[in-house]
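[1] just need the structure, nothing else, for what follows:
(one chain, ligands or ions: 1)
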Amino acid sequence: MSRTKAQFKRIGILTGGGDAPGLNAVIRAAVKVAVRDYGFTIIGFEDGFGGLIENRARRLSEKDVVGILPRGGTILGTTNRDNPFHYPVQENGQVVFKDVSAQVMKNIESHGIDALIIIGGDGSLTIAKELWERYNLPVIGVPKTIDNDIGATDQTFGFDTALNTATEALDKLHTTAESHHRVMVLEVMGRYAGWIALHAGVAGGADVILIPEIPFTIEKVTEKLMERRRTGKKFSVIVAAEGAKPAGGQVVVKKVVEGSFEPLRLGGIGNQVAEEIEQHTRIETRVTVLGHLQRGGSPTPFDRILATRFGAAAVNFLAEGRYGEMVCLRTPEIRTVPLAEAVEVMRRVSLGNELIRTAKQMGISFGT
Ligand code: F6P
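    Below you'll find the predicted structure:
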């Protein structure tokens, strides 16, 4: 058994926010290292912060994590609601938002938990930071999201798997686009960052990539499609990030969801672009919205490895007495950054990104 600086015995773990392939690999690694190397007990809270608030938890033994490495989703369940600092409760027939964090602390104490591992995106990591700052609760964050938009880490797990799914979709759309001489638009996720669209667009040989960081004009998009026609290429494939928007326009919001970490549900830009293309060019255009397929399925080897490294490192760092921090990839090492820093900057595609230049050199248009 390793020597530990912090005298922990019991560690809590939860997965918060939207799921991402690799969550189970983090849980597995954390349990294995905690039990084998340090003799800690791990208590898993169910359904993210919901389980912390309602005190739904179970002990995780090595047996519980057998066979979960290749499985998508999370064995603990998750939700992008249930912020303990802003929790909806019914009062006199009305919904009011309350701070129930003191109850959360009581629940944590009731299990004799000394420290908490919070695996999540910016919403969950902000809650982690508040629990640390307000209650001095030893917490360590683990960044996850298919969007790859957490500034403090070179990459989040889940992104590589989502990218594979999006690239495979583009490959499939190519063959049917070519047969029918159509334009095919693929709308992908990513929220306000264009990483999935940019990387899948290059990997899948898209003709046009639309990302939130580069507002497009429909004239430039159609110019590219017509140029391809003139040179004998009768079909085109476009990948549009859900957060892409026209110059001077707004992102397309599908729904506003009260009480969610991210109240604006994006979606619809693919259809909007397709309609305008048909109006301007009369070329038959079809849309595929890839949606939650990007969040599901078995994690790629890259994501399994990164998630395993994060899970093991989270326990190692806690044992060394490092908390109030988030594990991160600073290639080639796994390090930590203070939670305050971790949630400060959203990582978006910078205009000087080398991949944008390369994409343009491949003849890909960004609609500008
Ligand atoms: O943050 C991950 C993500 O999949 C985004 O890309 C997307 O906008 C959002 O979550 C969808 O959230 P939900 O699962 O609540 O529809």
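
[2] now the helices for the protein?
    23-33, 49-54, 101-110, 122-135, 159-180, 195-203, 218-230, 269-281, 301-319, 339-342, 354-361 (DSSP state H).

[3] for those helices, give me TSV that also has distance to residue 43 and mean pLDDT.
    (Glycine included, C-beta is placed from N, CA and C.) Below are these laid out as TSV (distance: least, C-beta to C-beta, whole Å; pLDDT from 0 to 100):
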stretch	distance to residue 43	mean pLDDT
helix 23-33	11	98
helix 49-54	10	97
helix 101-110	9	97
helix 122-135	16	96
helix 159-180	28	98
helix 195-203	34	98
helix 218-230	52	97
helix 269-281	42	98
helix 301-319	13	98
helix 339-342	21	94
helix 354-361	42	98
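
[4] of those, which is nearest residue 63?
    Closest approach to residue 63 among the helices of the chain is made by helix 23-33 (9.6 Å; C-beta to C-beta).

[5] and the closest one with helix 301-319, angle?
    Calculated by axes from the mean of the first three to the mean of the last three C-alpha atoms, to 10 degrees, helix 23-33 forms an angle of 40 degrees with helix 301-319.

[6] how much space is there between the residue of the chain found nearest the ligand and residue 150?
    Minimum separation of the chain from the ligand (C-beta to the nearest ligand atom) falls at residue 189, amounting to 3.1 Å. Distance, residue 189 to residue 150, using C-beta to C-beta, to the nearest Å: 15 Å.

[7] next: residue 336.
    Going from residue 336 to residue 150 by C-beta to C-beta gives 13 Å.

[8] these two - which one has more neighbours?
    Comparing residue 336 with residue 150 by other C-beta atoms under 10 Å, the one with more neighbours is residue 150, at 26 against 22.

[9] apart from its neighbours in sequence, what residue is nearest that one?
    Leaving aside its sequence neighbours, residue 150 sits nearest to residue 143 (C-beta to C-beta, 6 or more residues apart in numbering; 4.6 Å).

[10] ditto for residue 336
    residue 325 (3.9 Å).

[11] quick one on the thing from earlier: my read: the residue nearest to residue 150 touches residue 152, true?
    Yes. The criterion here is C-beta atoms under 8 Å, and residue 143 meets it with residue 152 at 7.4 Å.

[12] for the two, indicate the residue with more neighbours.
    Per other C-beta under 10 Å, whichever of residue 143 and residue 152 has more neighbours is residue 143, with 30 against 24.

[13] what does the stretch 101-250 of the chain put close to the ligand?
    121, 145, 146, 147, 189, 190, 191, 242 (C-beta under 6 Å from any ligand atom).

[14] swap the cut-off to 8 Å and go again
    The stretch 101-250 of the chain comes close to the ligand at residues 121, 145, 146, 147, 149, 189, 190, 191, 196, 242, 243, as judged by C-beta under 8 Å from any ligand atom.

[15] quick check, the fourth one in contact with residue 194.
    Pointing back at residue 147 there. No. With contact defined as C-beta under 8 Å, residue 147 does not reach residue 194; the gap is 9.6 Å.

[16] can I get the residues of the stretch 101-250 of the chain next to the ligand in CSV with neighbour count?
    Below are these laid out as CSV (neighbours: other C-beta atoms under 10 Å):
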residue, neighbour count
121, 26
145, 27
146, 31
147, 29
149, 23
189, 27
190, 31
191, 25
196, 27
242, 28
243, 26
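
[17] what pLDDT is listed against the nearest residue to the residue of the chain closest to the ligand once chain neighbours are set aside?
    What sits nearest to residue 189 in space, not counting adjacent residues and going by C-beta to C-beta, 6+ apart, is residue 294, at 5.2 Å. Reading off the confidence values, residue 294 has pLDDT 98.

[18] what parts of the stretch 251-368 of the chain come near the ligand?
    So the stretch 251-368 of the chain meets the ligand at 257, 260, 262, 265, 266, 267, 292, 294, 295 (C-beta under 8 Å from any ligand atom).

[19] against residue 23, how distant is the fourth one?
    Yep, that's residue 265 we're talking about. 21 Å.

[20] neighbour count winner among the two?
    Ranked by neighbour count (other C-beta under 10 Å), residue 265 and residue 23 place residue 23 first, with 28 against 14.

[21] so who does that one touch?
    15, 73, 74, 76, 78, 119, 144, 158, 307 (C-beta atoms under 8 Å, 6 or more residues apart in numbering).

[22] please flag which of the residues you listed sit within strands.
    Within the contacts of residue 23, residues falling in strands by DSSP state E are 15, 119.

[23] grab the nearest non-local neighbour of the residue positioned nearest the centre of the chain.
    For the chain, the residue nearest the mean C-alpha position is residue 145 (1.7 Å; C-alpha atoms, centre = their mean). Sequence neighbours aside, residue 121 is the residue nearest to residue 145 in space, at 4.3 Å (criterion: C-beta to C-beta, 6+ apart).
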